[in-house]
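S.K.: Here's a sequence, model it:
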Amino acid sequence: MDINFNKNEDHNKLLLSELNKRLAKVKMGGGKARIEKLHSKGKLTARERINYLLDSKSKSIEIGAFAGEDMYSEHGGCPSGGVVVKIGYVKGKQCIVVANDATVKAGAWFPITGKKNLRAQEIAIENKLPIIYLVDSAGVYLPLQDEIFPDKEHFGRIFRNNAIMSSMGITQIAAVMGSCVAGGAYLPIMSDEALIVDKTGSIFLAGSYLVKAAIGESIDNETLGGATTHCEVSGVTDYKAKDDKDALDTIKNIIDKIGDYDKAGFNRSHSKKPKDNPQDIYGIIPKSRADQYDMYEIIKRLVDDSEFDEYKAGYGQTIITCYARIDGWAVGVVANQRKLVKTKGSKTKPKEMQFGGVIYNDSADKATRFIANCNQKKIPIVFLQDVTGFMVGSKSEHSGIIKDGAKMVNAVSNSVVPKFTVVIGNSYGAGNYAMCGKAYDPNLIFAWPSAELAVMSGNSAAKVLLQIEKASLEKQGEKFTKEKEDALYNKIKARYDNQVSPYYAAARIWTDAIIDPLDTRTWISMGIEAADHSPIKKPFNLGILQV
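M.R.: Numbering: from 1, shown residues only. Below is the predicted model:
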């Protein structure tokens, strides 16, 4: 291995170490003291509940672990958005589990909590996955109620989705394992079956203090809305559990008896590990986001047996399109080639160098055709993003780059097969869109620690903003020294660099997760398995295209 490989490897393993440190902190929720307080009440934490519920030694993936990171410091923070979401297996059946974290503001709903819950329901709806709610929440976080309560994508959308999923025949099971108050009380009761834990679970539209204030009635919370009340008097809940584990065991038994699902029929054969060592990925991905590298070497370390069949290999070389298998599943891969490539040229078209990571007219045309082919053959698509955008300049504009880019965006938008987006490196500007960014409904979108998401790089943005700010200040008569210009540039770049960080994106659920590159195969495989629950009914139609 050369010296650059070793430097890259050291850098990327440091990024991975930082990821693991941040994940460890997130998994502590509201902190050790609050966890101990929860245990003293005989309750498990949200993560302990999920771990007990899911089949032991089975694979699982976590959605939105970094939701809310550094977003609510003035309110004491909201680790993981105050809710834990995982896709895993219960009695061998793939499910999505949503568990309120009562160690974070008593499980209260921040704005990002609502967004994360809606993302979980979106995954369940899209894939027709059974969804299990482990409820332990004080309801809406009142200081931020205006950002979570009234809008279309706010708190009320959760219950609307409960109703929609019920009409679609998607199994919903809820266990009330702590507080469940006010509007939040509708979630478990709009599920197919509801459990409640004796002495620790409670459901009511208004607690005892509010009841006293509103109508003058004196009553304790247990009598008002405890397990005995709702299982023996009101009939609101279906099962009474003696403790958390008893409730979770009951859920396991319910899930165990669910019938099989209709399959979409995506092609799968026996899984094979890559021949080329996936660990090499750490040495291949460059330390600098501006450096070139060969995306073929990444693909070889992600696909079964390191084998793939390339489509239009010699054409549009800044995008690689190929068929392969990942964990046995047939996939189409659309990947940005980050290596400088030289076109062959012809009598009418001279040779030229094309920059890696840039989408040119021919590469956009090729990708459009390939996406259409995958839809025709019912093959899920994996997008490997490391894109700086579309090519600019008079030559590209005169060749119709906007038209060719629009065709690619059209194909991605209308694709009906499952789509999975892996943000490996750069994800800038319209390149993010064409390569199936979050706005284009990928089934799952996740990033490596090396990722950056923004309109443009921190360096480019800082240069543009510096010119604007410098011109504005000079108009006001202010003179610029080299030192002053450098200081302003560094200030702008530092601010922008923070916003292009993968953690900034993950905190806002622009991506579902930041993962170790070695976990990529698991995410794609579990994602396709989830999508296989939902047969494709909509035909693929590109609509009107300029040719």
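S.K.: Quick check, Val97 in contact with Val135.
M.R.: No - look at Val97 against Val135 with CB atoms under 8 Å: they stay out of range, at 11.8 Å. Just so you know, the C-beta spots here come from the backbone N, C-alpha and C atoms, and that holds for glycine as well.
S.K.: isn't Gly31 right up against Thr103?
M.R.: Yes - with contact defined as CB under 8 Å, Gly31 reaches Thr103; the gap is 6.9 Å.
S.K.: More neighbours: which of the two?
M.R.: The neighbour comparison of Gly31 against Thr103 (other CB atoms under 10 Å) goes to Thr103, with 24 against 14.
S.K.: Run through the residues that contact the closest residue to the more buried one other than its chain neighbours.
M.R.: Leaving aside its sequence neighbours, Thr103 sits nearest to Gly30 (CB to CB, 6 or more residues apart in numbering; 3.3 Å). Listed by CB atoms under 8 Å, 6 or more residues apart in numbering, the contact set of Gly30 reads 79, 101, 103-105.
S.K.: from those residues, which single one is nearest Glu297?
M.R.: Pro79 (36.5 Å; CB to CB).
S.K.: So for the closest one, what's the pLDDT?
M.R.: Note for Pro79: predicted pLDDT of 97.
S.K.: do the same with Arg301
M.R.: You'll see Arg301 listed with a pLDDT of 98.
S.K.: Can you report phi and psi for it?
M.R.: phi -100, psi 0 (degrees, to the nearest 10).
S.K.: Nearest residue to it in space, please, no chain neighbours.
M.R.: Arg301's closest residue in space is Pro278 (CB to CB, 6+ apart), at 4.5 Å.
S.K.: Then Val455?
M.R.: Nearest to Val455 is Gly429, by CB to CB, 6+ apart, at 5.4 Å.
S.K.: ok, how many other residues are close to that neighbour?
M.R.: Here the number of neighbours of Gly429 (other CB under 10 Å) works out to 17.
S.K.: wait, what's in contact with the residue nearest to Arg301?
M.R.: 301-302, 517-518, 521.
S.K.: run the last query once more with 10 Å
M.R.: Counting by CB atoms under 10 Å, 6 or more residues apart in numbering, Pro278 makes contact with 298, 300-302, 306, 517-521.
S.K.: Now the buried members of the residues you listed.
M.R.: Buried residues within the contacts of Pro278, counting neighbours by 16 or more other CB atoms under 10 Å: 298, 300-302, 306, 517, 520-521.
S.K.: now, the most widely separated pair of those?
M.R.: Ser306 and Pro517, at 15.3 Å, using CB to CB across these.
S.K.: could you dump the buried ones among the contacts of Pro278 to JSON lines with secondary structure?
M.R.: As requested, the buried ones among the contacts of Pro278 are exported to JSON lines (DSSP: H, G, I helix; E, B strand; the rest coil):
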{"residue": "Ile298", "secondary structure": "helix"}
{"residue": "Lys300", "secondary structure": "helix"}
{"residue": "Arg301", "secondary structure": "coil"}
{"residue": "Leu302", "secondary structure": "coil"}
{"residue": "Ser306", "secondary structure": "helix"}
{"residue": "Pro517", "secondary structure": "helix"}
{"residue": "Thr520", "secondary structure": "helix"}
{"residue": "Arg521", "secondary structure": "helix"}
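S.K.: Now tabulate these in JSON lines and tack on distance to Val392.
M.R.: Shown next, in JSON lines, are those (distance: CB to CB, whole Å):
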{"residue": "Ile298", "distance to Val392": "26"}
{"residue": "Lys300", "distance to Val392": "31"}
{"residue": "Arg301", "distance to Val392": "32"}
{"residue": "Leu302", "distance to Val392": "30"}
{"residue": "Ser306", "distance to Val392": "35"}
{"residue": "Pro517", "distance to Val392": "30"}
{"residue": "Thr520", "distance to Val392": "31"}
{"residue": "Arg521", "distance to Val392": "35"}
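S.K.: check contacts around Pro286.
M.R.: Counting by CB under 10 Å, 6+ apart, Pro286 touches 4-5, 7-8, 11-12, 292-293, 338, 425, 450.
S.K.: Type out the PyMOL command that picks the buried ones from these.
M.R.: Selection of the buried residues among these in PyMOL, burial being defined by 16+ other CB under 10 Å:
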select buried, resi 8+11+12+293+338+425+450
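S.K.: Restricted to strands, list the contacts of Pro286.
M.R.: Counting by DSSP state E, the contacts of Pro286 place Gly425 in strands.
S.K.: Which member of the contacts of Pro286 is positioned nearest Asn459?
M.R.: Set against Asn459, the nearest of the contacts of Pro286 by CB to CB is Gly425 (14.2 Å).
S.K.: if I look at the closest one, how far off is Gln337?
M.R.: 12 Å (CB to CB, to the nearest Å).
S.K.: Could you tell me which residues touch both of the two?
M.R.: Common neighbours of Gly425 and Gln337, using CB under 10 Å, 6+ apart, are 293, 295, 357, 384, 386.
S.K.: Widest-spaced pair of those residues?
M.R.: Tyr293 and Leu384 (12.2 Å).
S.K.: So Ala138 sits against Lys105, correct?
M.R.: Yes - counting by CB atoms under 10 Å, Ala138 does reach Lys105; the two are 7.2 Å apart.
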